[in-house]
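Peer 1: Provide a 3D model corresponding to the input given below.
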Amino acid sequence: MHSYAMGAILLSTLVALVTHQDASLAQAIVNTPPSEGEAEVGNADLDDYVKAYGVSPEEAREHWAATDIAGELQADLIKTQGDIFGGLWIEREPTFAVVIGVVAGGEKTVRAYVDKFDLAEVTRVQQVQHTLEQLQADQAAISAAADAAGIDIAAGVDQAEGQVMVFVETAEDASVLTRLQLPGTANVVQQDLPTPAVEIYGGLPPTTCTTGFNVQRIGAAGEGVSIAGHCPNSQSYLGDALPFIQQQYSGNTDAQWHTTPTFTDPNKIRVTSSGTTRNVTSRKPLSQMVQGEAVCKYGTTTLFDCGEISIVPYDPGDTCVPSSGSTYVRVDPNPNAGDMAEGGDSGGPVFHNNPAKAYGTISCQSGVDMIFMPQNFLPNIGVEVDITTP
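Peer 2: Below you'll find the model as predicted:
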């Protein structure tokens, strides 16, 4: 037999074998997990985290799972152990850790809670000088002193450092504050105060700002979209009006919502400039958000970026939201990210993972940082983030 004929027979045999086994082979390829250190396709949050912190996708998901549980632990400790609990935060150097601060004498009690939540392997309990309640009381006293002196401030507790971060606009304001009898935990920093991340101009949808989440009316029929409360009430999308329903721009709420009578509401958020979307299937409340936790956002100006929570809860000051309180969250960008918010991003969604968990909506910018309103204050305008299956 000629060599070319033998080759044809072998080729036919291989084709037959592949045809016979292609279904199982394809299934095996589908079921093969990503290689060590390889980011998952289609999950930009995971890709960003892997690149930012030099971990594998498996490690990243372990970190996220531990952080979610830590948020539940934090809420429980605040509720039941306020007299000993000094704060909770995430560390990633030299290794990932959930760190819990506790005043002297409370270590045994807190370790019992750590065991209850099955976090012992990644948790470090360390002694601190002040409880979180004391630090929050100091913040309230500082805010009152600043109000009495006629000084606008932004402030929040840095739990990892055990201090109250106080931001002022000018050197003169900083000098006045430092001459007051502030609590010893105060750390006064001169920095531009947060301003609404909004510009009044037409263009990208909606008319101004950025839509946040699909929302549903509480206790009654009705659905629509949210944006920031400080944005103009008159909004449209693709030339069709979005009827304004309700708004609050004060205290713990910077939100408004509009009905969408000429559109369907698929309960998704945009995560890329090319139009990629994610379903929104869960919500996270302020009480379970943890310092050092990873979050991402999307705005019409700065697009998609991720960062980590730097102060929670945080008072952005009246320059951001009139009569604001410590109910907001401040986010620093990851090392490879750009500015977390700029003009036009207001109202945009803050989220994590795919499918997405709703954290809140962009309120303000402070330098490269972002301040967002947690989504659990949307009920103040009669709605909640829609998490029904699209």
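Peer 1: which parts of stretch 233-242 are buried?
Peer 2: Q235, Y237, L242 (16 or more other CB atoms under 10 Å). (C-beta placed from N, C-alpha, C; glycine too.)
Peer 1: what residues are bridge-paired with the last one?
Peer 2: This points to L242. For L242, the beta-bridge partners are Q235 (DSSP bridges).
Peer 1: out of the helices and strands in the chain, which is least certain?
Peer 2: helix 3-31 (a mean of 36; mean pLDDT, DSSP states H and E).
Peer 1: which residue lies nearest the spatial centre of the protein?
Peer 2: In the chain, the residue lying closest to the centroid (CA atoms, centre = their mean) is V295, at 3.8 Å.
Peer 1: N187 against V168, yeah?
Peer 2: No. Counting by CB atoms under 8 Å, N187 stays clear of V168, with 11.3 Å between them.
Peer 1: okay, the two: which has more neighbours?
Peer 2: V168 (25 against 13; other CB atoms under 10 Å).
Peer 1: related to what we said a few turns ago, element containing the residue nearest to the centre of the chain, please.
Peer 2: Using DSSP states H and E, V295 maps to strand 294-299.
Peer 1: that strand: how far from the chain's middle?
Peer 2: In this view, strand 294-299 has its centroid 6 Å away from the chain centroid, taken as CA atoms, centre = their mean, to the nearest Å.
Peer 1: state the mean pLDDT of that strand.
Peer 2: Strand 294-299 shows a mean pLDDT of 95.
Peer 1: and stretch 57-70, by the same measure?
Peer 2: 97.
Peer 1: can we start the residue count at 550 from this point?
Peer 2: In the new count, where the first residue is 550, that last one comes out as stretch 606-619.
Peer 1: buried residues in it?
Peer 2: P606, E608, A609, R610, H612, W613, A615, T616, D617, I618, A619.
Peer 1: where's P904 relative to E891, distance?
Peer 2: To E891, P904 is 27 Å away according to CB to CB, to the nearest Å.
Peer 1: of the two, which one has the most company?
Peer 2: The neighbour comparison of P904 against E891 (other CB under 10 Å) goes to E891, with 19 against 15.
Peer 1: before we move on, back to that, what's the strand holding V844 packed up against?
Peer 2: helix 593-602, helix 606-629, strand 852-864, strand 898-901, strand 905-915 (3 or more CB pairs under 8 Å, 6 or more residues apart in numbering; DSSP states H and E).
Peer 1: sheet partners, orientation included, of it?
Peer 2: Applying DSSP bridges, one finds strand 843-848 paired with strand 852-864 (antiparallel), strand 898-901 (antiparallel).
Peer 1: quick one, it and helix 606-629 angle?
Peer 2: Counting by axes from the mean of the first three to the mean of the last three CA atoms, to 10 degrees, strand 843-848 lies at 100 degrees to helix 606-629.
Peer 1: angle of strand 843-848 against helix 593-602?
Peer 2: 120 degrees.
Peer 1: and D625, what does it touch?
Peer 2: Residues near D625 by CB atoms under 8 Å, 6 or more residues apart in numbering: Y662, F666.
Peer 1: mind checking how far it is from I858?
Peer 2: 19 Å.
Peer 1: same check on E621?
Peer 2: Taking CB to CB, one finds E621 at 16 Å from I858.
Peer 1: for Q837, same thing?
Peer 2: 11 Å.
Peer 1: and I911, by the same measure?
Peer 2: With CB to CB as the criterion, I911 and I858 are 14 Å apart.
Peer 1: need the contact list for C758.
Peer 2: C758 neighbours (CB under 8 Å, 6+ apart): V747, I776, A777, C780, P781, Q784, T849, G893, D894, S895, G896, G897.
Peer 1: any idea how far G896 is from it?
Peer 2: For C758 relative to G896 (CB to CB), the value is 5 Å.
Peer 1: find residues that contact each of the two.
Peer 2: I776, A777, C780.
Peer 1: contact partners for the second one?
Peer 2: When you say that, I think you mean A777. A777 neighbours (CB under 8 Å, 6+ apart): 745-747, 758, 761, 798, 803-805, 895-896, 910-912, 922.
Peer 1: narrow the residues you listed to those in strands?
Peer 2: The strands, defined by DSSP state E, take in P745, Y798, D803, A804, Q805, T910, I911, S912, M922 from the contacts of A777.
Peer 1: which of the buried residues of stretch 606-619 lies closest to E772?
Peer 2: D617 (27.4 Å; CB to CB).
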